[in-house]
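Colleague: Build the 3D model from these lines:
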Amino acid sequence: MTDDGATPVTTRKAPANTTKIKSALLRYRVLAWTTGLWLLLLTAEMIAQYGFDVDTPRWIAVVHGWVYFLYLILTADLAVKIRWPAGRTIGTLLAGTIPLLSFFVEHRNAQQVKRDFGV
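Modeller: Presented below is the predicted three-dimensional model:
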């Protein structure tokens, strides 16, 4: 209490909304794995097509492109919610373009978010 009988006002940092972070993390993780799997399929398709002259379906690249687009949106959503720095955000966004990298980056990011926000 202060001298005039009023309760002092304390300033606190607002707690993070863990429900929103938890759901954003889940969406990010699902799309990171989906993007990684489609990228592996696309890589195999390109090797078969250009390396062994096998006629392959052309729609694999289209599906991967749309899945990667969703990955970009959902990764940006998570990055904004947990306030990743620009470098980490861009690195995570680019992880969906290198085969197998999205799996490792997703694992590292998920551990960090779970540890920092308790989700």
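
Colleague: where in the protein is pLDDT low?
Modeller: Scanning the chain for pLDDT under 70 picks out 1-16.

Colleague: longest helix anywhere in it?
Modeller: Longest helix in the chain, counting residues (DSSP state H): helix 18-46.

Colleague: Do a quick rundown of the helices in the protein.
Modeller: Using DSSP H, helices in the chain cover 18-46, 52, 59-82, 86-94, 101-117.

Colleague: how far is the second one from where the chain is centred?
Modeller: So the one you mean is helix 52. Distance of helix 52 from its chain centroid, counting by C-alpha atoms, centre = their mean, to the nearest Å, is 34 Å.

Colleague: cool, the last one as well?
Modeller: How far helix 101-117 lies from its chain's middle: 9 Å, per C-alpha atoms, centre = their mean.

Colleague: re the thing from before, angle of the longest helix of the chain against helix 86-94?
Modeller: If you take axes from the mean of the first three to the mean of the last three C-alpha atoms, to 10 degrees, helix 18-46 sits at 50 degrees to helix 86-94.

Colleague: Which neighbouring elements make contact with helix 18-46?
Modeller: helix 59-82, helix 101-117 (3 or more C-beta pairs under 8 Å, 6 or more residues apart in numbering; DSSP states H and E). Yep, even glycine has a C-beta here, placed from its N, CA and C like the rest.

Colleague: Any buried residues in the shortest one, and which?
Modeller: It stands for helix 101-117. Applying a neighbour-count criterion of 16 or more other C-beta atoms under 10 Å, one finds 101-103, 105-106, 109-110, 113, 117 buried in helix 101-117.

Colleague: elements contacting that helix?
Modeller: Using 3+ C-beta pairs under 8 Å, 6+ apart, the elements in contact with helix 101-117 are helix 18-46, helix 59-82, helix 86-94.
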